[in-house]
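Visitor: return a 3D structure for these sequence lines:
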Amino acid sequence: MVEYIQRVKIEAAKMSLESSRENVNEVMYKVGYTDPKAFRITFKRLTGLSPVQYRAKYNRQLAS
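Guide: Purely as a prediction, here's the structure:
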């Protein structure tokens with residue numbers, strides 16, 4: 001169950017990182033994480049990228 005909840009939260013974070021200009025901490029709090037280290041570790045484990053790397057690769061607003 002914990003794994004499922006983490007995946008749902010990280011999916012929500014990925015969508016925010018792709019489409020918004022909110023900083024990583026804002027995204028982290030919005031999806032329900034309060035510990036930046038735990039968020040980064042979980043995000044990287046599930047996506048293979050850190051939140052900052054993910055945003056640099058997939059955010060269309062920042063790329064244009």
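Visitor: name the residues that touch the longest helix anywhere in the chain?
Guide: Scanning the chain for the helix with the most residues, using DSSP state H, yields helix 2-19. Residues from elsewhere that reach helix 2-19 (CB atoms under 8 Å, 6 or more residues apart in numbering): 22, 24, 27-28, 30-33, 39, 42-43, 46-47, 51, 54-55, 58-61. Placement of C-beta: from N, CA and C, glycine included.
Visitor: elements contacting whichever helix or strand comes after it?
Guide: Note on helix 2-19: by DSSP states H and E, the next helix or strand toward the C-terminus is helix 24-30. Packed against helix 24-30, as judged by 3 or more CB pairs under 8 Å, 6 or more residues apart in numbering; DSSP states H and E, are the following elements: helix 2-19, helix 36-47, helix 51-58.
Visitor: mean neighbour count and mean pLDDT added to those, as TSV?
Guide: Formatted as TSV, the helices and strands packed on helix 24-30 follow (neighbours: other CB atoms under 10 Å; pLDDT from 0 to 100):
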stretch	mean neighbour count	mean pLDDT
helix 2-19	15	97
helix 36-47	16	98
helix 51-58	17	95
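Visitor: I figured Thr47 was touching Tyr58, is that so?
Guide: No: assessed by CB atoms under 8 Å, Thr47 is found out of contact with Tyr58, at 9.8 Å.
Visitor: I am assuming Pro51 contacts Thr42, so please confirm or correct that.
Guide: No: counting by CB under 8 Å, no contact exists between Pro51 and Thr42, whose distance comes to 10.1 Å.
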